[in-house]
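[1] the amino acid sequence is not available; the structure is as follows:
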């Protein structure tokens, strides 16, 4: 099985190049980065150093790229649909077009639009970043596209399962709605917190070890800030974040007003309603106790 | 050494009753809770079942309570100063008055106001909750009160050090300013997130295992929601939160407007400035990777 990864010189693309190579596939990366030959050599895979979105990209190059069993698109969110458009129509009968993007509605729509019916489609969202040590226990979301699954999809799913990934199936709509909270809201809140630390000119490092909860929370902020701002901008801009941002800001304002008005009854009311909705807070306490304990034992 | 703990039938008071008993002190708890005799018996310590803030509390009771080497006040923040007022003036020469409150400016001021110069004063803030397994590696903040340290303070500090606590010294002002961010802002952000989950009617449990970062983050929300709303109200209302709330809400609004206006340049700018202020984001990535890895291995 030949797996070709567009964007394979990038962090996630490279991660999957290594993963598929280790699992017996022939792997080829396609990337516009000047470091492509170097990265391909360190991964021990073939490469094509080309920008397939360039106006000067000759059609025989695209022809060559799509001459593969599996074509994986691992490029920034905002150019994913353009890349699908560039390669989709040329996909050979019985081959598989696949993407790894963090948003799913548009890429899935585009893949359906740009490919023949006898081309397999698989749209996945690996819920981990390029620093993950392995796929074991990692969640990978598979978008179900009826009628477009074949033996290559099965083979990819088998590899993931064999290596211990936890596959969760859902529709593109459900994915994007869920991710708008799980990723969109969490990133938004952590980034707002990071900006506030800056605006307060608060010394992050100084206070680091005072509280394990603060430490872990702050590390999540730094974790996001260490990564590519474009990825986070694209996630915010390609999920339906308007209502979520508005509701979050409204919640913060309401909570703040109860505090600043010293309205303890209102504060408690808000608190207890949120507790009721949350559900199993005791489990949350226990789970977070374990994480905090581990953090303390590392000191 | 006789250690008397007002509020000793509460969760934190009980934790320290057990701690001092295990470390060789005689311990007595004083509490208005009906469960005081039962809790004292389970801890194996003496007790006085009395509400010292009651108007009918006879002065010989207060006399008896202050007939101790160390008197620890472990009551809700909003009545701490009242309790200090009730017992401070009766403290015997050479004894130690101590509090465990999460805010420090007012209690310290009140202890100085209500005690004679030859009474020792120690104001500490243990940076852990009643579910902590031990004091080992836990941070305990000691407020330095010049001229009011004696041999009982030294003895308490020695016990903490021997059991592996990490003692950090600072002034009451510095404590309250630092905690307004470390605790005040973190709690505020996590609670606002919890309220938003409710207002979005988002099923917390359903999405639980999709992302370890979301899972840990959400467990922190549930951890807070599981605890006493009064504690969190008191922390918000007794630290200077106004500017911090305002700056946080302003940050969220600014970030949101960059997203909703699809202004990627502005988003990146905000992101990179926050990164610059944060400092060592690489360390944050590594530390959070470790925590996430542990969470995955538990699956």
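    Yes, it's here. This is a predicted model, so every value here is computed, not measured. Numbering: from 1, shown residues only, chains lettered A, B, ... in the order given.
[2] and the residue of the stretch 1-150 of chain A found nearest chain B, helix, strand or coil?
    Taking CB to the nearest CB, chain B has its nearest neighbour within the stretch 1-150 of chain A at residue A:137, 4.3 Å off. For glycine as for every other residue, the C-beta is placed from the backbone atoms N, C-alpha and C. With DSSP: H, G, I helix; E, B strand; the rest coil as the basis, the three-state label of residue A:137 is coil.
[3] what does the stretch 51-200 of chain A put close to chain B?
    Applying CB under 8 Å from any CB of the partner chain, we find that the stretch 51-200 of chain A lies next to chain B at A:127, A:131, A:133, A:136-139, A:141, A:166, A:168, A:178, A:181-183, A:185-186, A:188-200.
[4] try it again at 7 Å.
    By CB under 7 Å from any CB of the partner chain, the residues of the stretch 51-200 of chain A that approach chain B are A:127, A:131, A:133, A:137-139, A:168, A:178, A:181-182, A:185-186, A:188-189, A:191-200.
[5] buried only: go through those residues for me.
    A:127, A:131, A:137-139, A:168, A:178, A:181-182, A:185-186, A:188-189, A:191-200 (16 or more other CB atoms under 10 Å in any protein chain shown).
[6] what residues are up against residue A:92?
    residue A:66 (CB atoms under 7 Å, 6 or more residues apart in numbering or on different chains).
[7] and it, how close does it get to residue A:99?
    18 Å (CB to CB, to the nearest Å).
[8] same deal with residue A:111?
    7 Å.
[9] repeat for residue A:40
    For residue A:40, the distance to residue A:99 - CB to CB - is 21 Å.
[10] who has more neighbours out of the two?
    residue A:99 (27 against 23; other CB atoms under 10 Å in any protein chain shown).
[11] okay but that one is in contact with residue A:79, surely?
    No. Residue A:99 is beyond contact range of residue A:79, at 11.5 Å (criterion: CB atoms under 7 Å).
[12] what is in contact with residue A:111 and residue A:99 at once?
    Joint contacts of residue A:111 and residue A:99 (CB under 7 Å, 6+ apart) are residue A:123.
[13] what mean pLDDT does stretch A:232-246 get?
    In this model, stretch A:232-246 carries a mean pLDDT of 97.
[14] over to stretch A:7-14?
    For stretch A:7-14, the per-residue pLDDT averages 97.
[15] pull out the buried residues from that stretch.
    Under the neighbour-count rule (16+ other CB under 10 Å), stretch A:7-14 has A:7-10, A:12-14 buried.
[16] that older thread, identify those among the buried ones among the residues of the stretch 51-200 of chain A next to chain B that sit within strands.
    Among those, the ones falling in strands (DSSP state E) are A:139, A:168.
[17] quick one: is the helix or strand harbouring residue A:18 near chain B?
    When elements are assigned from DSSP states H and E, residue A:18 belongs to helix A:11-22. No. Against chain B, helix A:11-22 shows no contacts by CB under 7 Å from any CB, the least distance being 12.0 Å.
[18] elements contacting that helix?
    Counting contacts by 3 or more CB pairs under 7 Å, 6 or more residues apart in numbering or on different chains; DSSP states H and E, helix A:11-22 is packed against strand A:2-6, strand A:26-31, helix A:36-43.
[19] distance to residue B:284 added to the ones you listed, as JSON lines?
    Putting these into JSON lines (distance: least, CB to CB, whole Å) gives the following:
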{"stretch": "strand A:2-6", "distance to residue B:284": "29"}
{"stretch": "strand A:26-31", "distance to residue B:284": "28"}
{"stretch": "helix A:36-43", "distance to residue B:284": "25"}
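[20] would you list the ones you listed in TSV and tack on distance to chain B?
    Shown next, in TSV, are the helices and strands packed on helix A:11-22 (distance: least, CB to the nearest CB, whole Å):
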stretch	distance to chain B
strand A:2-6	22
strand A:26-31	22
helix A:36-43	20
